[in-house]
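Here is a sequence together with a model predicted from it:
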Amino acid sequence: MNSAQFSGNAGIVRFNRDFYSQTDEFTFIGDGEFGGKASGLAFIKEKILSHYRGLDHPFSPFTVTIPRLVVITTPFFDRFMDQNNLYEIALSDMSDERIAHHFLKAELPPDLSGDLRALIARVHEPLAIRSSSLLEDSVDSPFAGIYETKMIPNNQPDADTRFRKLAEAIKFVYASTFFNSAKSYIKATPHDIKAEKMAVIIQEVLGQRHYDRFYPHFAGVARSYNFYPTGQAKPEEGVVNLALGLGKAIVDGGMSWAYSPAYPDISPPYGSVGELMKQTQIEFWAVNMGKPPAFDPAKETEYLVKAGLTEAEYDNTLTYLASTYDPGSDRVNIGVGSAGPRIITFAPILQVSMLPLNPLIQSILKLCEETFSARVETEFAVTIDPVQKTARFGFLQVRPMALSAVEVDLEESDFVPGSLLTSSESAMGNGCIEGIRDILYLVPETFNLKDSRAMAGEIATVNRKLLDAHTPYLLIGFGRWGSSDPWLGIPVDWGHISGARVIVEAQLPNASFGIDLSQGSHFFHNLSNLGILYFSIPRTSAFPIDWEWLKKQEVLDEGKFSRHVRLTSPLRIKVDGRNRQGVILK
């Protein structure tokens, strides 16, 4: 999609530094393309928001909007790269930090700088500087979370400082086009990184200021297809992840509250109150509005802070989100009306219906599916006015999901114990993969989550060798792959595991509780859309991983925590997406 398709349509207008006003909700700078993310938002503004305008729509406590934004179109990226002679550096093997350093020293095109100065002179609220590349949010290769977003407080008293911080953030997003994770990701797709071009979105951060923190009451990711339904839930009924504060907690694979839109009042299947408290959110992300941090423009979280539930209660942002544990009765009571530990369950909204959030999400998913003619994933943020009992629902992103239509049948002969490496009743994906002879796995005897960062480093080293040799492999580990929280799993990014065609997540036999997959994470979205098969193996599996067989295979590489083996005969891997069953046959 390019800007000409949207100019003058549905309130999308060209930025004018002389007449810019806060009423211009969606503007663009330059001629050329918007990129995938911005084009998706333009499409939503044109096709979806009209259903929720006025005060008489069925979800009237909510105002449904796209937070105000300006798109810098792709030709400015070309000019920035050319006038600063950056392609040789960008396409080199330099570290992310060195690439970012070179980009940050470069100059933006003068006419772009003039528009940005005019913009920043009138805007004093926090801003999110977001990627919107040409390839981003496509069905076959969504690039979810591959490129960077930089949030800035934009609260400095002088416009020159605010402009400098905005320019740094834009150049950081440009640089992320060529970070190692992006280069590794693009190798797994049919695309060429030399053809990639980056548009940039400058968007208001939806939220409210609470002392030195700025954040929405909560953020969410809603998917119209659920790869891992539990209880009565069905895959086609979707899944929603919610989290206090900025959505970074969800998209980075951290703790969030997951539920089926068909059964919003049914809690996830935790075995005890203790398990519930261990696996729910205890800290959240916010924009730092206080003392400036140490200067670090090449760091995505430079202006972000983490805070705990004590701070959220002090900010008075838990009323709609929390329940309270009563130790005396060993019960969890909805709301924060009594003393006790707070638990982020969203029960006041989902069970008591203090706001019609779930019906609104169901409506939005249905409309987006009809508009895109595909299963979809949306990201959003919500702020609440507790006095007026109203809320603002801000669309942040929408993208299609890829679901394979190939029919895969599993036969009774596929489940002969001696022929199986493992089997799962909670497999993600659909299809058959043959020819894989290499397996990279974390050794159970040396596994401890305290070493998860070191494990990620070992995995990355072997992955790089296999990727350079064009050798696909099976990856086996424990906990959540791709979690930003090293205590939930292995904090890898796509640069660490980009050569894997099949991924297995297992639970250790002596683990005190299991860790649910984070379906709302960017990592998870890329898995599903790239066609990577994903197996979840619980402790209670009828066909656990055959570790003894793995120990007998030829070892090509062994680290402190991981082992790379090569088989004499290739594996046969099958997943039936209709019933989520999968087998890995020796």
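Yes, it's here.

can you tell me which residues contact residue 352?
By C-beta atoms under 8 Å, 6 or more residues apart in numbering, residue 352 lies in contact with 334, 335. Yep, even glycine has a C-beta here, placed from its N, CA and C like the rest.

Please confirm that it is located within a helix.
No. Counting by DSSP: H, G, I helix; E, B strand; the rest coil, residue 352 is not found in a helix; it is coil.

can you pull out the strands in the stretch 51-200 of the chain?
62-65, 69-72, 127-133, 150-152, 198-204 (DSSP state E, counting those that start in this stretch).

Let me have those strands in CSV, adding mean pLDDT, mean neighbour count and distance to residue 238 as columns.
CSV is the format used below for these (pLDDT from 0 to 100; neighbours: other C-beta atoms under 10 Å; distance: least, C-beta to C-beta, whole Å):
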stretch, mean pLDDT, mean neighbour count, distance to residue 238
strand 62-65, 92, 18, 18
strand 69-72, 96, 27, 26
strand 127-133, 94, 25, 24
strand 150-152, 96, 25, 28
strand 198-204, 96, 26, 25
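
what's the closest of the ones you listed to residue 82?
With C-beta to C-beta, the closest approach to residue 82 among the strands of the stretch 51-200 of the chain belongs to strand 198-204: 13.6 Å.

Name the helix or strand of this structure that has the lowest mean pLDDT.
The weakest-scoring helix or strand in the chain, judged by mean pLDDT, DSSP states H and E, is helix 522-530 (a mean of 60).

could you point out which element follows it?
Moving toward the C-terminus from helix 522-530, the next helix or strand (DSSP states H and E) is strand 533-537.

buried ones in the longest strand along the chain?
Criterion DSSP state E: the longest strand present in the chain is strand 562-576. The neighbour-count criterion (16 or more other C-beta atoms under 10 Å) identifies 562, 563, 564, 565, 567, 571, 572, 573, 574, 575, 576 as the buried residues of strand 562-576.

Contact partners for the second one?
Put plainly, it is residue 563. With contacts taken as C-beta under 8 Å, 6+ apart, residue 563 has the following neighbours: 440, 441, 443, 550, 555, 557.

Counting neighbours, what do you get for the fourth one?
Residue 550 is flanked by 17 other residues according to other C-beta atoms under 10 Å.

how about it, what does it touch?
For residue 550, the contact set (C-beta under 8 Å, 6+ apart) comprises 421, 439, 441, 563, 565.

and it, what are its phi and psi?
phi -60, psi -40 (degrees, to the nearest 10).

about what we covered before: please produce a markdown table containing the contacts of residue 550, extended by distance to residue 455.
Formatted as a markdown table, the contacts of residue 550 follow (distance: C-beta to C-beta, whole Å):
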| residue | distance to residue 455 |
| --- | --- |
| 421 | 21 |
| 439 | 16 |
| 441 | 11 |
| 563 | 12 |
| 565 | 17 |
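
so residue 40, which of the three states?
In three-state terms, and counting by three-state DSSP, residue 40 is helix.

so how far is residue 247 from it?
16 Å (C-beta to C-beta, to the nearest Å).

Where does pLDDT dip in the stretch 251-400 of the chain?
Flagging of the stretch 251-400 of the chain using pLDDT under 70 yields the residue ranges 269, 271.

need the helices for it, in chain order.
Shown for the stretch 251-400 of the chain, the helices assigned by DSSP state H, counting those that start in this stretch span residues 273-278, 309-314, 347-350, 357-372.

For the last one, buried residues please.
This means helix 357-372. 357-358, 360-365, 367-369, 371-372.

Taking those, tell me the two that lie furthest apart.
Pairwise distances across the buried residues of helix 357-372 peak at 22.0 Å for 357 and 372 (criterion: C-beta to C-beta).

Closest one of the buried residues of helix 357-372 to residue 311?
residue 357 (23.3 Å).

wait, doesn't residue 171 sit right on residue 108?
Yes. Residue 171 lies in contact with residue 108 (C-beta atoms under 8 Å); the separation is 7.2 Å.

who's more crowded, those two?
Shown here are residue 171 and residue 108; by other C-beta under 10 Å, residue 171 has more neighbours (26 against 20).

which residue packs closest to the more buried one, ignoring adjacent ones?
residue 103 (4.8 Å; C-beta to C-beta, 6 or more residues apart in numbering).

ok, the one you found - contacts?
Here residue 103 is in contact with 86, 171, 172, 174, 175 (C-beta under 8 Å, 6+ apart).

hmm, back to that, quick check: what element follows the longest strand of the chain along the chain?
The element immediately downstream of strand 562-576 (helix or strand, assigned by DSSP H and E) is strand 581-585.

who touches that following strand?
Residues outside strand 581-585 that contact it (C-beta under 8 Å, 6+ apart) are 410, 414-415, 419-425, 427, 429, 474, 502, 504, 533, 535, 543, 571-576.

What segments of the stretch 51-200 of the chain are helices?
Here the stretch 51-200 of the chain has its helices, by DSSP H, counting those that start in this stretch, at 75-83, 87-90, 96-105, 110-122, 159-176, 180-187.

Let me know which of those is the nearest to residue 229.
Closest of the helices of the stretch 51-200 of the chain to residue 229 is helix 180-187, at 28.2 Å (criterion: C-beta to C-beta).

Measure how far the closest one is from the centre of its chain, please.
Centroid separation for helix 180-187 versus its chain: 17 Å, with C-alpha atoms, centre = their mean, to the nearest Å.

for that helix, what is the average pLDDT?
On average, the pLDDT along helix 180-187 is 80.

And stretch 96-106, by the same measure?
95.

buried sites along that stretch?
Neighbour counts over stretch 96-106 (16+ other C-beta under 10 Å) mark 96, 99, 100, 102, 103, 104, 106 as buried.

With stretch 209-218 instead?
209, 210, 213, 214, 215, 216, 217, 218.

Among those, which ones are in strands?
Counted as lying in strands by DSSP E, out of the buried residues of stretch 209-218, are 209, 210, 213, 214, 215, 218.

With pLDDT and distance to residue 167 added, can I get those residues in CSV?
Formatted as CSV, these follow (pLDDT from 0 to 100; distance: C-beta to C-beta, whole Å):
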residue, pLDDT, distance to residue 167
209, 97, 24
210, 96, 28
213, 97, 25
214, 98, 21
215, 98, 24
218, 97, 31
